[in-house]
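Q: Provide a 3D model corresponding to the input given below.
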Amino acid sequence: MNLRQLRLGELVALAGCVLVIVALTRPWYQSPIGNLDVWDTFGPGAVLILAALCAGLAMIVSALTERSAALPVASAVWCVPLGLFAVIAGVVRVLERPDHASALCAGSWLALVGSALILVGAWLVLRDERPSLYPPAHPEPRPRP
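A: A predicted model of the protein is given here:
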């Protein structure tokens, strides 16, 4: 596996996946009973963010391991709607305050930005029209008789 095989869209999605993973370990809300993380306030929004994370990681792994662009593009097709749903869920998670939370913490913002980067990265992968990661072969022409 060579990280140089990754195109710009896959690198953007990788940055988004890293942000979402970091967000899963940070507190999301501050409440009178203490800090709440995503696991304390688990719901449909968190599931959509986790689904986008899994789709983004699948797109990156398939880009690293496959020789053709078919599987990475197919995973990017699934990553776009899941990323869009995750961005919507991230906005809702930023706007809502579960369990009488009084303030937002870094985790909710990181998840929102990470979900947006996953969506943008998948969109960039679909816009990249290179059929393969390898340069095309240019054989020498056959001599004419």
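Q: Helices of this structure, residue ranges please.
A: For the chain, the helices defined by DSSP state H occupy 8-25, 44-65, 70-95, 106-127.
Q: can you put these in a markdown table and add mean pLDDT and distance to residue 35?
A: Where you see a C-beta, it was placed from the backbone N, CA and C, and this is true even at glycine. What follows is these, written out as a markdown table (pLDDT from 0 to 100; distance: least, CB to CB, whole Å):
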| stretch | mean pLDDT | distance to residue 35 |
| --- | --- | --- |
| helix 8-25 | 94 | 12 |
| helix 44-65 | 93 | 16 |
| helix 70-95 | 92 | 15 |
| helix 106-127 | 93 | 9 |
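Q: Ok, which of those comes nearest residue 141?
A: Closest approach to residue 141 among the helices of the chain (CB to CB): helix 70-95, 29.8 Å.
Q: Which residues belonging to the closest one are considered buried?
A: Buried positions in helix 70-95, judged by neighbour count with 16 or more other CB atoms under 10 Å: 71-73, 75-76, 78-80, 82-87, 89-90, 93.
Q: How many residues are close by residue 35?
A: 15 (other CB atoms under 10 Å).
Q: What pLDDT is listed against it?
A: Note on residue 35: pLDDT of 88.
Q: measure the closest residue to it other than its chain neighbours to residue 117 for me?
A: Sequence neighbours aside, residue 27 is the residue nearest to residue 35 in space, at 3.6 Å (criterion: CB to CB, 6 or more residues apart in numbering). Here the criterion is CB to CB, to the nearest Å. By it, residue 27 lies 21 Å from residue 117.
Q: Comparing these two, which residue is more hemmed in?
A: Neighbours were tallied for residue 27 and for residue 117 using other CB under 10 Å; the higher tally belongs to residue 117 (23 against 18).
Q: who's in contact with that one?
A: Taking CB atoms under 8 Å, 6 or more residues apart in numbering, we find residue 117 in contact with 12, 13, 15, 16, 19.
Q: What separation is there between it and residue 31?
A: 28 Å.
Q: Give me the most central residue, the chain.
A: Residue closest to the average C-alpha location in the chain (CA atoms, centre = their mean): residue 118, at 2.8 Å.
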